[in-house]
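Peer 1: model this:
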Amino acid sequence: MQNSSSKQDRIAEYKALIARITPKSKLAVGCWRAFWVGGLICVFGQTLIDYGRASLKLNQSQASAFASIVLVFLTAALTGVGVFDQIAKYAGAGTVVPITGFANAMVSPAMEFRPEGFVLGTGAKLFTIAGPVLVYGISASVIVGLISYFVR
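Peer 2: Predicted structure coming up:
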């Protein structure tokens, strides 16, 4: 019986230690940061689309492609100089707006392996994350296309 009591005391002591050293979650603050930074990225993307439509006289599809290209380029450049990582630390999931998250996921492994050289480091690691995304994205689009074709 003493062994069981001793074990329960150790478990209670461990739980108290965990409660004391575990950082308190700032869920509301994290959600607010993700919301406003992610929203700001989306507003910037929409501004690029509107600029493309109004000033560059692009149609909707071309303006959307223009905005995507600019967002990917800026995210890749900011990741390359280390700024995007600081924004991501602050905003958390707010920076994972799909296109910026994808660009960051492509550039980050390449930057990590830069010391190994341009071809075997940067070039080889550039598609570490993007490769599976492209493979499954293209595969899914082919499957959906075939289903759509045969359902008609």
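
Peer 1: And the average pLDDT for the lengthiest helix in the chain is what?
Peer 2: If you go by DSSP state H, the chain has its longest helix at helix 27-54. Over the span of helix 27-54, the pLDDT mean works out to 95.

Peer 1: Surely residue 87 touches residue 97?
Peer 2: No - using C-beta atoms under 8 Å, residue 87 is not in contact with residue 97; the gap is 11.5 Å. The C-beta positions use only the backbone N, C-alpha and C, and glycine is treated the same way.

Peer 1: ok, back up a step: and the longest helix of the chain, what does it pack onto?
Peer 2: Packing contacts for helix 27-54, counted by 3 or more C-beta pairs under 8 Å, 6 or more residues apart in numbering; DSSP states H and E, involve helix 60-80, helix 83-91.

Peer 1: out of those helices, which comes closest to residue 18?
Peer 2: helix 83-91 (24.6 Å; C-beta to C-beta).

Peer 1: Run the chain-centre distance for the closest one.
Peer 2: 11 Å (C-alpha atoms, centre = their mean, to the nearest Å).

Peer 1: So which residues make contact with the helix or strand that that helix is followed by?
Peer 2: Proceeding N to C from helix 83-91, the next assigned helix or strand is helix 98-112, under DSSP states H and E. With contact meaning C-beta atoms under 8 Å, 6 or more residues apart in numbering, helix 98-112 is reached by 41, 45, 68, 71-73, 75-76, 79-80, 84, 88, 95, 121-123, 125-130, 133.
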